[in-house]
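S.K.: Let me see the structure of the following:
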Amino acid sequence: MGEHPALGSLKSLAEGFLLGAGLIWMFNIASLFRSGDAWLAFLYLMILSIPASTLLYFRTKKKDAPLTEDVWEKWRKLLFSVQGVALAFWCFDILTTFYAINVTGLAVELNPLGWPAGILGAFSYYAPTLVFSYYLLFRSRVTVSFYAAVGLTLLTLVMGSMNLLAGVQNFQVFVNTAMLATGVRFGLLAVVGTACLAVPLLLKNTSTQPKPLMN
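M.R.: Below is the predicted model:
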């Protein structure tokens, strides 16, 4: 039996979101290295290694043979995953805006709605677009719906790029103002370093536990 459309769409959305978050995180690392705060950049890199190593572990341990999947179905999932990428860019914009405005007080919201009501502007686009894209790709199986979803996905990429650009500008505020005491830095390093060592060991021990015998 094939995968349920709702489950497959959620998986594609999550994969797109994780891809977008990974790209943002790598940009953050590069920005911190470029600004001269190599210590904080290294800490970010260590944090990134935790989900990256976990994903790699499950990819290498996956033994099930891939199911034969229709080419159109693959394209539908790929297009829907773009919605997840755009959502990651939007979340990046929201988090960095919160830091720039509420934490540092060095920025102002340019949206006429102000902050945080400005979030509703993007939400009013992403929420119906996400639902409509799901309908076009997984519910309506006619060819014209697929091509309509392609156009909608391109528009989503434009909107997501605008959020990414705003997030990049806001993150520069973090780069310029992020300061941690020496004790806090070593404490964070110890916590993240412990997690980097504990997660692979936990995964290994979990996977090597003997399975209970069936009666």
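
S.K.: From now on I want contacts and neighbour counts done on CA atoms only, so please keep to that.
M.R.: Fine.

S.K.: so how far is F123 from G160?
M.R.: Note on G160: its distance to F123, by Cα to Cα, to the nearest Å, is 12 Å.

S.K.: What is the longest helix of this structure by residue count?
M.R.: helix 143-177 (DSSP state H).

S.K.: what stretches of this protein score poorly on pLDDT?
M.R.: 1-5, 57-59, 61-69, 106-114, 179-186, 188-189, 192, 196, 199-200, 203-215 (pLDDT under 70).

S.K.: What ranges does it have for its helices?
M.R.: 5-35, 38-61, 71-98, 119-134, 143-177, 182-207.

S.K.: Redo the ones you listed as JSON lines? Include mean neighbour count.
M.R.: Output for the helices of the chain, formatted as JSON lines (neighbours: other Cα atoms under 10 Å):
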{"stretch": "helix 5-35", "mean neighbour count": "18"}
{"stretch": "helix 38-61", "mean neighbour count": "14"}
{"stretch": "helix 71-98", "mean neighbour count": "21"}
{"stretch": "helix 119-134", "mean neighbour count": "15"}
{"stretch": "helix 143-177", "mean neighbour count": "17"}
{"stretch": "helix 182-207", "mean neighbour count": "13"}
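
S.K.: want to throw these into CSV with distance to G105?
M.R.: Rendered in CSV, the data for the helices of the chain read as follows (distance: least, Cα to Cα, whole Å):
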stretch, distance to G105
helix 5-35, 21
helix 38-61, 22
helix 71-98, 9
helix 119-134, 18
helix 143-177, 10
helix 182-207, 23
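
S.K.: out of these, which comes closest to T104?
M.R.: Shortest separation from T104 across these is recorded for helix 143-177, at 8.0 Å, computed as Cα to Cα.

S.K.: between that closest one and helix 38-61, how big is the angle?
M.R.: Relative orientation of helix 143-177 versus helix 38-61 (axes from the mean of the first three to the mean of the last three Cα atoms, to 10 degrees): 150 degrees.

S.K.: tilt between helix 143-177 and helix 71-98?
M.R.: Going by the same axes, to 10 degrees, helix 143-177 makes 30 degrees with helix 71-98.
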